[in-house]
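K.L.:
Here is a sequence together with a model predicted from it:
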Amino acid sequence: MRIEIEDLHKSFGSLRVFDGLNLTVEQGEICVILGRSGQGKSVLLKHLVGLLRPDKGAIRIDGTDIVPLPEKQLYPYRMRFGMIFQNAGLLHSLNVGENVALPLLEVRNRSYKATMRKVAEKLRAVDLEGKENQLVTTLSGGQQKRVAIARALLQDADCLLFDEPTAGLDPLISQTVDEIIVQVNRKTGATCIVVTHDLVSTFATATRIHLLDQGRVAASGTPEEIRNSDNETVRKFLARAMTATRDEG
């Protein structure tokens, strides 16, 4: 999936979130969106799946602007995205297989056996083969993230959206999550968009980075380009984020 965002504007009352945002995500890349709290990172994800509509601007999915589409025409595009929530968003009353199967069982007319065959396929893709009957409460944090990714893949998503995937995790589990993102991207070819403020995770996963500031993209580039950037906004953000990382440690 290729995504083009052009001249995006969005305000909530007097709060201006986007002020002419321009951003392109290429097919198959791992795009990391950085920014301080309140810069609209999660709001942007909601625009991509049509949960929020911009005041002005275009959001093109493989060339089609989804902004003017009515809800019924938007639905097929929405189904091409898989969302991995910050806390994995699993239901503890269900086992692993039932959690993964939920999207198909709830919204599609599909037999249980056919769905569970597909569940097994997606669990293999995230190295959790044979875990269908295990309770999610017995899984590690990293394994729970894998289950959430398998659930997103069940819909054959072309684009996976990760909202702060390493938030609240210790460094070892965070590293595991980073490895999962890279692994799934390589195995499936799905475009991955990661919203985070975790610099370690950013430089471990990203093929391209966009830094949001004051409602616009302040800088874009490869990890190496961002790391060596002379852009004052980039340098200040990296310095501030590194200081916060040291303080947390």
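P.N.:
Perfect, I can see it now.
K.L.:
what about Ala114, neighbour count?
P.N.:
By other C-beta atoms under 10 Å, the residues close to Ala114 number 10. Using the backbone N, CA and C atoms, a C-beta is placed for each residue, glycine as well.
K.L.:
start at 42 instead
P.N.:
Yep, numbering from 42; the last one is Ala155 now.
K.L.:
Now it: which helix or strand?
P.N.:
helix 153-166 (DSSP states H and E).
K.L.:
how many neighbours does Asp60 have?
P.N.:
Asp60: 14 surrounding residues under other C-beta under 10 Å.
K.L.:
any idea how far the nearest residue to it once chain neighbours are set aside is from Val73?
P.N.:
Spatially, and ignoring its direct neighbours in sequence, Asp60 is nearest to Gly256 (3.3 Å; C-beta to C-beta, 6 or more residues apart in numbering). Distance of Gly256 to Val73, computed by C-beta to C-beta, to the nearest Å: 19 Å.
K.L.:
Could you check which of those two has the larger neighbour count?
P.N.:
Using other C-beta under 10 Å as the criterion, Gly256 and Val73 rank with Val73 on top: 27 against 18.
K.L.:
Report the beta-bridge partners for the more buried one.
P.N.:
As for beta bridges, Val73 partners with Val235, Ile250 under DSSP bridges.
K.L.:
how near is the residue nearest to Asp60 to Leu240?
P.N.:
To Leu240, Gly256 is 22 Å away according to C-beta to C-beta.
K.L.:
Quick check: buried residues in the helix holding Ala155?
P.N.:
Using 16 or more other C-beta atoms under 10 Å as the test for burial, helix 153-166 gives Thr156, Met157, Lys159, Val160, Ala161, Lys163, Leu164, Ala166.
K.L.:
Same question for stretch 214-221.
P.N.:
Within stretch 214-221, the residues that qualify as buried by neighbour count (16+ other C-beta under 10 Å) are Ile214, Ser215, Gln216, Thr217, Val218, Asp219, Ile221.
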